[in-house]
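Asker: Take a look and give me a structure for this.
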Amino acid sequence: MRAKENYDRLKIVGLVLSLIVLGGMAVYWFGESARLAEASETFASERIERGHEVYMDQCVSCHGAEGEGGVGPALNDKKLLKNTLNAVFFSIVRSGVPNTEMPAWSVDFGGPLTDEDVKDVVAFIRAWEPTAPEIEPVVFEPDASRGALLFANTCAICHGQNGMGTADAPPINNPTRLTSLEDDWYRATIKNGRPAKGMPTWGTVLSPNQVEDIIALIDAWRNGAEVEAAFSITDLLASAVFSLQEGDVDSASLQVSRALESAEGAGAEVLRNAASQLAAGDNKGALATLSALADQWPLGDSAAGGEIFATYCSPCHGAQGEGGIGLPLNPSEFVASSRTPDLVDFILAGREGTAMAGFDGRLTEAEIADVIAFLRLWQP
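Answerer: Numbering: from 1, shown residues only. The predicted structure is shown next:
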C-alpha cells in the first residue's frame, strides 16, 4: 500500500504565491487609480483651457470677459451655476434660445462649434462655480440728479429753474408748499396732470421710473438740499448747435453755461471760448466752435483706450485691429469718417444681427471715448 501523500506544503506554497500575486495586483491597481485620477485631472484642465479659448473667441462680446454679463446674462453667478446642470448649458449653447440674441452655436444648426467645443465651453463656465459671486438683481433707485435733469428739460419752462416758479405756474421748490403736500399727491399730479390749470398729463410721456426720479428731486428740495442736474454735455452741445442754427442765441448761451458746470480740461477751455464769442455777438464763430467740439465730444484718452480695447475689443477685432470675428479697425473708413458721439452711440447699442454686441452697462461713455481716441491713432 502506498503511503498517503501530504499536500499541506503545496497548499502553503500556493497560498503564499496567491497572496504575492494579489499584493502585486493591489499595488498595481493602487498606482493605476492614481494614474487614472491624474490623467482625468489633466484632461479636465485641458478641456477648461480649450473652453477658455472658445469663450474668448465667441462669447466674450455678449457675456463679458469674466462672465459678468452685458448684452447676454451674467454667467459667473453662484445661483445660476448651482441651479443649472451641465446638460442645460450644453443644450443652450448648442441650439441657442429662440426670440433672443442668443444664437445656435452648433455646426448642426449653422454655427461654428462642434459638440466637443461646446463641452469645452461648458467646462470653462463650470470652473467659475467655486469662486462665483452671488449676483443680486438690479433694483431701481430713484435719483434726484436725474430728476433735476428731467425737471430742467420738461418742467422748468412753466415752473422755473430749480422749481422757483414763473408767471405761468406756481413754484414747486417752496418750503410751505412742499411740507403741505405729500409725494403721492405730486406723483398723481405728474401722471394725470391738471388740464383745467394748464398742467399736461405727463404719465403718457414719462416712464414710471422717470416720475420717481422727479419725486426724489422733490424730496431733496423738501429736505433743503440743492441738486445739480445730471446734464449730458453731448446732448447740450447738440442742442446749442441747433439753437444757434435756428437763431436762438439765448438758449445756446444757457446750454453752454450748463455744459461748463461739469466740463473739465481742454473741453472746458473750448466752451469758455464759445461763451466769450456769444457774449461778444460772434454767433457765427460760436457756431463753428461748438460744431467742431460736438463732432469730437466726448474727448478721450488714447492710452487708457488702448488698455480697454485689449480687454473688450481685441478678442473680436484682433490685438492690432487686424480683424477676426469683427471687422478690421486698423484702418477703418467707418471710424475715420464718423463723428465721436455717433461712434459712442454705435458702440453702446451694437449692431443687431451681428457679433457686435452693445456695451451699454459694461462701459461708460467716457471709457468708450477713450477707446475711440485709441482707434483714431490707427486711422490715416
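Asker: alpha carbons only for contacts and neighbour counts from here, please
Answerer: OK.
Asker: where's the nearest residue to Thr204 once chain neighbours are set aside relative to Gly203, distance?
Answerer: Distances taken as Cα to Cα, 6 or more residues apart in numbering place Lys191 nearest to Thr204, at 7.4 Å, with adjacent residues excluded. Summarising the geometry, the distance separating Lys191 from Gly203, computed by Cα to Cα, to the nearest Å, is 4 Å.
Asker: Now the common contact residues for the two.
Answerer: Overlap between the contact sets of Lys191 and Gly203, as judged by Cα atoms under 8 Å, 6 or more residues apart in numbering, is given by Val211.
Asker: residues in contact with the strand or helix carrying the residue nearest to Thr204?
Answerer: Taking DSSP states H and E as the definition, Lys191 sits inside helix 183-192. Helix 183-192 is touched from outside by 200-204, 211-212, 215, 219, with contacts defined as Cα under 8 Å, 6+ apart.
Asker: swap the cut-off to 7 Å and go again
Answerer: Applying Cα atoms under 7 Å, 6 or more residues apart in numbering, the external contacts of helix 183-192 come out as 201-203, 211, 215.
Asker: Show the buried residues in the residues you listed.
Answerer: For those, a burial check counting by 16 or more other Cα atoms under 10 Å picks out 201-203, 211, 215.
Asker: Reformat the contacts of helix 183-192 as TSV; add secondary structure, distance to His52 and pLDDT.
Answerer: TSV is the format used below for these (DSSP: H, G, I helix; E, B strand; the rest coil; distance: Cα to Cα, whole Å; pLDDT from 0 to 100):
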residue	secondary structure	distance to His52	pLDDT
Thr201	coil	53	91
Trp202	helix	49	91
Gly203	helix	48	88
Val211	helix	44	94
Ile215	helix	47	95
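Asker: and which of those residues is nearest to Ser40?
Answerer: Checking these against Ser40 by Cα to Cα gives Val211 as the nearest, at 57.9 Å.
Asker: contacting residues for the closest one?
Answerer: Applying Cα under 7 Å, 6+ apart, the residues contacting Val211 are Arg187.
Asker: let's see 8 Å
Answerer: Contacts of Val211 were listed using Cα under 8 Å, 6+ apart, and they are 147, 187, 190-191, 203.
Asker: circling back: now for the contacts of helix 183-192: which two are most distant?
Answerer: Thr201 and Ile215 (15.7 Å).
Asker: What is the top helix by length along the chain packed up against?
Answerer: Among the elements of the chain assigned as helix by DSSP state H, the one spanning the most residues is helix 8-58. Packing partners of helix 8-58 (3 or more Cα pairs under 8 Å, 6 or more residues apart in numbering; DSSP states H and E): helix 115-126, helix 314-317.
Asker: Could the C-alpha coordinates of the last one be exported in PDB?
Answerer: Taking Å, rounded to 0.1, in the frame of the first residue of the first chain, the C-alpha atoms of helix 314-317 are listed here in PDB:
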ATOM      1  CA  SER A 314      -9.300  92.600 -29.300                       C
ATOM      2  CA  PRO A 315     -11.000  89.200 -29.000                       C
ATOM      3  CA  CYS A 316     -13.100  90.100 -32.000                       C
ATOM      4  CA  HIS A 317     -11.200  92.800 -33.800                       C
END
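Asker: Give the rounded mean pLDDT of that helix.
Answerer: Averaged over helix 314-317, pLDDT sits at 88.
Asker: outside of it, which residues touch it?
Answerer: Around helix 314-317, the neighbours that count as contacts under Cα under 8 Å, 6+ apart are 56-57, 60-61, 320-321, 323-329.
Asker: about what we covered before: of all the buried ones among the contacts of helix 183-192, which comes closest to Gly67?
Answerer: Nearest to Gly67 among the buried ones among the contacts of helix 183-192, counting by Cα to Cα, is Val211 at 33.4 Å.
Asker: on that earlier part again, how many other residues sit next to the residue nearest to Thr204?
Answerer: Using other Cα atoms under 10 Å, Lys191 is surrounded by 19 other residues.
Asker: show me where pLDDT drops low in the stretch 1-150 of the chain?
Answerer: In the prediction, the stretch 1-150 of the chain carries residues with pLDDT under 70 at positions 1-10, 26-36.
Asker: Could you tell me which residues within the helix or strand harbouring Val88 count as buried?
Answerer: Following DSSP H and E, the helix or strand that holds Val88 is helix 86-95. Residues of helix 86-95 classed as buried under the neighbour-count rule (16+ other Cα under 10 Å) are 89-95.
Asker: chain center to that helix, what's the gap?
Answerer: Once both centres are worked out by Cα atoms, centre = their mean, to the nearest Å, helix 86-95 turns out to sit 24 Å from its chain's centre.
Asker: if we can go back for a sec, immediately after the longest helix of the chain, which helix or strand?
Answerer: Moving toward the C-terminus from helix 8-58, the first helix or strand encountered (DSSP H and E) is helix 60-63.
Asker: what's next to that following helix, contact-wise?
Answerer: Where contact means Cα under 8 Å, 6+ apart, the residues beyond helix 60-63 that reach it are 67, 69-75, 312-313, 315-316, 355-358.
Asker: ok, now stretch 269-282?
Answerer: Residues from elsewhere that reach stretch 269-282 (Cα under 8 Å, 6+ apart): 249, 253, 256-257, 259-260, 283, 285-287, 289-290, 293.
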